[in-house]
Each structure stands twice: as C-alpha cells, then as structure tokens.
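Peer 1: dropping a prediction and its sequence here:
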Amino acid sequence: MNNQPYFIIDFDSTFTKVEGLDELANIALAGNANQEKIVGEIRKLTEMGMNGEISFSEALSRRIDLLKANRSHIDKLIDFLHTKVSNSFQRNEKFLREYADNIFIVSGGFKEFIVPIVTAMGLKEENVYANDFKFDNEGNIIGVNEDNVLAHEKGKVKLLSSLKLDGDVYAIGDGYTDYELRASGLANRFYAFTENVEREKVVAKADHVVPSLDEFLYLNKLPRSQSYPKSRIKVLLLENVHPVAVESFKFEGFDVEFHKGAMDEDELAEKIKGVSILGLRSKTNVTKKVLENADKLMIIGAFCIGTNQVDLKTSTEKGIAVFNAPYSNTRSVVELAVGEMIMLIRNVFSKSIGMHAGKWDKSANNSFEVRGKKLGLIGYGHIGTQLSVIGEALGMEVYFYDIVDKMPIGNAKKCRSLDEVLKVADVVSMHIDGRKDNTNIFGKREFELMKKGVIFLNLARGHVVDVPALVEAIKEGKVAGAGVDVFPYEPKTNNEEFINELRGLPNVILTPHIGGSTEEAQEGIGHYVPERLLEFMNNGSTTGSVNFPELQLPLLKNSHRLLHIHKNVPGILAKINNIFAKHAININGQYLKTNEKIGYVIMDVEKGYTDEFIQEIKDIEETIKFRMLY
Ligand SMILES: NC(=O)C1=CN([C@@H]2O[C@H](COP(=O)(O)OP(=O)(O)OC[C@H]3O[C@@H](n4cnc5c(N)ncnc54)[C@H](O)[C@@H]3O)[C@@H](O)[C@H]2O)C=CC1
Ligand SMILES: O=C(O)C(=O)COP(=O)(O)O
C-alpha cells in the first residue's frame, strides 16, 4: 500500500493475549508434578527479558532449556492461540487483511506457532519474522536456530534494519525490545500496547500508549471497527458486580474501573467525572449532586431490580438512560422468603440458637405447618406472584394487595385494600418497590391490624417499614417471628458494623440484604445488564430502560445513526426535519418515541453530511443529548 506507513507488530501479549512460550510450557508439562514451579520460572524469565532485566538471548535459551516440548504440543498450542487473539485484533481483522502488505510481525517468539495464527487473520507468511525451533528426529524441541538474527541480543533491531523499509515505520508492542526499534531510529514511533499487559518501563518510553488496536487505528485515522475507540470510554462498576459483567465491558475494549464496595455521595460525586457508563447495585445512591457532576454519563445500569437508589427524574432530564435487571434475582428472593417463613412459623431459628448454647427444648408448642395458613402478599409484582405460586404449592391460601389491579395467579385472592390482607394473613410478606411514597408505609397502625402471632417478612426495602414499630410489635408478641433482609441504613461494605434496633430480638432472622445474592442470580444479572447497556451504546436501542422511551432498533447498515434526546415539547421533529430538508440529506430510517419528559429520535442517514448540519441539529434549543454511531 503506497504512502502508508509500515506497521511492525509484536506477537506475544500483543497480537495474542498470552505469551506463546509460557503456554507451550503449560501444555508440555501438563501432569508433571513440578509443572507450576517450572512454568513459574519460565514466566519469570519472560518477564525479565521483556523488562530488559536480562538479555533477550539469555531469557530465550534459559526458557527453552526448561521446556520439555515436542511438535504435538505445538499443535495443541496453535489450537489454543486461535482462541487467544487479542480482542481488538479480532475486532479489526478487516484492517489486518486490507493492510497486510504493510504489516510485519516481528517477534522473539517462534514461527511454528505464530504463522498459523496471523495468517488466519489475513497477514502474510512472508511478512512474519520470528525465531525457529530446532527439533531432534523424534520431533522434540532441542533448541533455537542460532542462525536466526532474532535469537540474539537486539535481534529485532538488526532484523528491521535488514528489511530496509522505505517510509514511515510504526512499532506496536508490549515489550522493551519493541521500544528498541524506536530507540534505534529505525521506527519513527513506538506505541506501547497495553490491552493485555502494561509494563511501566515500556510505557514510560512510548510515544503513545494504546490500550487497544482501535486506539492505534484512531490515532492514525485508519479504518477500524470502532468509530470512537471504546478504550476512551470510562466504565465505573461498583458493589462487586459479577465478573462476567466486568469481562463483557473489557471484551469490547472499554476502560473499566471496578470497586468491590459502594460509594457515598461525596465519593461518587468526585469519581463520576469523566465516566460514561455507571454500574451499581442497591447501595449506591445516585443523587442530584452526583448527577450534576456527571459530565459524560450516558447510562446507569442497576445490577439489581430496584432503581429507587437512582434519582430517575434528574437522570431523565439529563438524558441519562437507566436500565435494571427486572427478573434475574426474583426466584432467589422468593426461595429465601419461603425458607424463612417455614423456619419462623416452626420456631426453628430460636431453637437452633438455644441448641448452640446447649439448650435441648423438644416441644411442639408454637410450632406450626405452613400448610393451610393464609399468606398475605403486599405487592403482587414479579416477586409477589412467584411467591404466590410457591405458597399455593405448599398448601397455603394466598391473599394479595397491590396498588395496581393485578390478575390473581391460581387461586390467589385479590384484596381491595391493604387492611383486608392484614386482617386475615398468618404470614405477611412485603414485596412492594422502594419508591419514596412507600416510605414507612408499614407502621404501628398496620401492625395493630394484624392477627396475633403473625409472621412478618420484609425482603423488599428497609425504608418501607417503620423499624421501631416492628420492634414494638415483636416485643408485644403481636409478631411471633420476623425475617428482615433490608434496612433503612445498610453498611456500605462488609467491614462496617451493622447497627439496628432489631439486633438481639427472639425469633428474628436478620440477613445482610442477600435476597438476590445467589450465584445464579448474580451471574444472570451479570449477563443481562451489560447486554442492555451495550445494545444502547452500540445500537441506540432502549429496550428495558426504566426511564427512557423504549425503542428496539434494527442493526445499523450502510448508514450513520444519529441519536437525539430532547425535551418532550411539540414541534421538535419538525425542527429536525427542516434541518434535513435544508441540507438535502437523505434519511434511510427514522424512529421516534416519547415519554412524558423526553423524546428520543433516531435517524439513519446517508454518509454525505456536513459538520454544519450536525451542529444545527445539536443547536436545537430543546436538545438534551446528541450522539452519533457509524
Ligand atoms: N432483598 C433483596 O435482595 C431484593 C429486594 N428486591 C425488592 O423487591 C421489590 C419488588 O420486586 P419485584 O416484585 O420484582 O418488583 P415489581 O415492580 O415487579 O413489583 C412491585 C409491585 O409492588 C406494587 N406496589 C408498589 N407500591 C405498593 C404499595 N404501596 N402497596 C401495594 N403494592 C404496591 C407495584 O404496583 C408492583 O406490582 C424491588 O423493587 C426491590 O426493592 C428485589 C430483589 C432483591
Ligand atoms: O435487586 C434488588 O433490588 C435488590 O435489592 C438486590 O440488591 P443487591 O444487588 O443485592 O444490592
């Protein structure tokens, strides 16, 4: 390709996510009692060589000595490496194929495994410069071909010099030997590639640090799969969301920051600056103050059901789409409620505490079956209805109350008021959402209305129940047992003490907000929420958003997509369309949906538009946010 620079790309930990030789050792030594130790030594030598602590040739020959590998191990390694091509290289296979003439792999690794991997991605075998193994007659690796310049100190520099490339030369890699190409003056620029490993010493020498190939292609205005590199988009994930969620953002190349705990308002108000995607669970409050500092925020993903912790009104006004996981932990909450209900009505929990203190109390007093009892559900949404089904299967009579008219499932009886449920139920279980209006909806009056000896469960939200009133009802014997999973104030991390008036009361099961904390639920949520967020980021679709008008959009084909979020007042679409008409731009598709606050319009347009046209769209007075996908 004329007038284009030459790209000198490293293989191990750059083209692929791993070091080929380390992995070969892993394969060859599988089953060997000393595998871990030897692989560890090999890794250490790799790292020392990469950091420039020992010479390259020393690192290489010492590693080959430790390796007891043969050709069949190399075959296995190749299969493995096919699955380990760096994510951003996978995304940009088109670039690799189109620019194959100008791309050279220069590596201290070995041709035997490099060639099959890079040629499968469109590169040319003749452009691969790497070491070669020496084998004995049985196919065992016995050494390195010493005639190859790459087997020696400054091998990459000598090799590049021998290529006599005429024009600009850009070197991309993660190691010190890649930087040496720049130091020698043979390459004009060195790009430290940090998608897989980041070495301080190497980064310090780089002209540019590129967290992905997309970033490299973006800097050099080359064709790429991501119009704007995702490595420039910050994702902040809090409250220990499942690793699959972290992985899905990393896989797409985002700049991901992960925290185990929640953040308080001041901390988050600082941290949110520059963040585009925020992921949290029930404990992090996204307040107006936080949102005022959210200069780049586009999406909030609640990795849970409840979204009462997010100021939805302000989010909407600022054009920030909020998503949740509406049913991934439903079953987990229901199972905990069922378990607690049975344990409490049977008095098992108190007896178990007694037993631990040495008390043997065999008696049937105050122990009951749930069969035939009346289960009162407050809130008949996803959780309430699921518990309704299981309650009936256990032989209970189900009564429910919901502010919205809901269809009874099975034989459940719909009640016209909360009081009606409270008067009949033997077990009362709360499953309403945590909206502000529900604060202290359950207080002294409600407990007084209940039957004596009732079992009370709150696995919904702490603030919906007036805790002192519950404490009183337990002490008076009105409530014979309670299961409480949620509290008006909950510790932010596992290191903070739990302080609450319910501590120490008899027949009260206290759990640390774990209704939705099962492996199944967390993994389900870890898949579900990123899928919704990425759909919105990549395509503009808002399916499942709790505050945006829902639009499911076709995939983008041969168009550029403009996403316009505006205040929902009359006449905006007309204003937009006038600008299109004025600039004579063809619209391939247009989609609009509104809710009471905002309008969301998506336009797929042909590519020949001008900057002025885009500016005019952005300048429409009611615009809240504008985004382009191409
Ligand atoms: N403990 C935990 O770990 C978990 C707790 N939750 C909590 O459970 C709540 C319910 O979850 P889902 O059933 O999935 O939600 P949902 O939205 O499907 O159902 C909530 C129902 O409560 C009703 N409701 C709201 N306020 C009411 C009131 N004052 N009186 C009567 N009905 C009222 C709504 O109309 C709706 O039908 C979540 O909002 C969340 O706060 C959810 C998952 C895990
Ligand atoms: O899903 C919900 O609403 C929950 O309450 C669960 O919250 P968590 O993810 O455990 O912080």
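Peer 2: In hand now; what should we look at? Numbering: from 1, shown residues only. Ligands and ions are numbered 1, 2, ... in the order given.

Peer 1: buried stuff in stretch 357-372?
Peer 2: By neighbour count on 16 or more other C-beta atoms under 10 Å, the buried set for stretch 357-372 is Phe368, Val370. Where you see a C-beta, it was placed from the backbone N, CA and C, and this is true even at glycine.

Peer 1: show me what counts as buried in stretch 23-32.
Peer 2: So, applying 16+ other C-beta under 10 Å, buried residues of stretch 23-32: Glu23, Leu24, Ala25, Asn26, Ile27, Ala28, Leu29.

Peer 1: average pLDDT across that stretch?
Peer 2: Taken as a whole, stretch 23-32 carries a mean pLDDT of 92.

Peer 1: which residues are contacting it?
Peer 2: The contact list for stretch 23-32, computed with C-beta atoms under 8 Å, 6 or more residues apart in numbering, reads 35, 38-39, 42, 63, 66-70, 73-74, 76-77, 80-81, 84, 113.

Peer 1: write the PyMOL selection for whichever of the residues you listed are buried.
Peer 2: Applying 16+ other C-beta under 10 Å to the contacts of stretch 23-32, the buried members can be selected in PyMOL as follows:
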select buried, resi 38+39+42+63+66+67+69+70+73+74+76+77+80+81+84+113
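
Peer 1: what's the local residue count around the residue in the stretch 501-630 of the chain that ligand 2 sits nearest to?
Peer 2: With C-beta to the nearest ligand atom, the shortest gap between the stretch 501-630 of the chain and ligand 2 falls at Gly516, namely 3.7 Å. Look at Gly516: counted by other C-beta atoms under 10 Å, it has 26 neighbours.

Peer 1: wait, doesn't it sit right on Ser332?
Peer 2: Yes - counting by C-beta atoms under 8 Å, Ser332 is a contact partner of Gly516 at 5.3 Å.

Peer 1: for the protein, which helix is longest?
Peer 2: helix 519-539 (DSSP state H).

Peer 1: what packs against that helix?
Peer 2: Here helix 519-539 touches helix 243-251, strand 275-280, strand 299-302, strand 321-323, helix 330-345, going by 3 or more C-beta pairs under 8 Å, 6 or more residues apart in numbering; DSSP states H and E.

Peer 1: tell me which of the ones you listed sits nearest to ligand 1.
Peer 2: Closest to ligand 1 of the helices and strands packed on helix 519-539 is helix 330-345 (C-beta to the nearest ligand atom; 4.6 Å).

Peer 1: give the buried residues for the next helix or strand after the closest one.
Peer 2: Using DSSP states H and E, the next helix or strand after helix 330-345 towards the C-terminus is helix 348-356. Buried residues in helix 348-356, counted by 16+ other C-beta under 10 Å: Val348, Phe349, Ser350, Lys351.

Peer 1: ok now the helix or strand just after helix 348-356, how far from the chain's centre?
Peer 2: Proceeding C-terminally, helix 348-356 gives way to strand 374-378 as the next helix or strand, assigned by DSSP H and E. Relative to the mean C-alpha coordinate of its chain, strand 374-378 is positioned 36 Å out (C-alpha atoms, centre = their mean, to the nearest Å).

Peer 1: one more: stretch 163-179?
Peer 2: Between the centre of stretch 163-179 and the centre of its chain there are 35 Å (C-alpha atoms, centre = their mean).

Peer 1: mind checking the end-to-end distance for it?
Peer 2: End-to-end distance of stretch 163-179: 17 Å, with C-alpha to C-alpha, to the nearest Å as the criterion.

Peer 1: flag every buried residue along it.
Peer 2: Of the residues in stretch 163-179, those buried (16+ other C-beta under 10 Å) are Leu165, Val169, Tyr170, Ala171, Ile172, Gly173, Asp174, Gly175, Tyr176, Thr177, Asp178, Tyr179.

Peer 1: Val39 belongs to a strand?
Peer 2: No - Val39 is assigned helix when assessed by DSSP: H, G, I helix; E, B strand; the rest coil, not a strand.

Peer 1: residues contacting it?
Peer 2: Asp22, Ala25, Asn26, Leu29.

Peer 1: out of the residues you listed, which are inside strands?
Peer 2: Residues from those lying in strands, with DSSP state E as the criterion: none.

Peer 1: number of nearby residues for the residue of the stretch 351-500 of the chain found nearest ligand 1?
Peer 2: Closest contact between the stretch 351-500 of the chain and ligand 1, by C-beta to the nearest ligand atom, is at Gly381 (1.7 Å). Gly381 is flanked by 18 other residues according to other C-beta under 10 Å.
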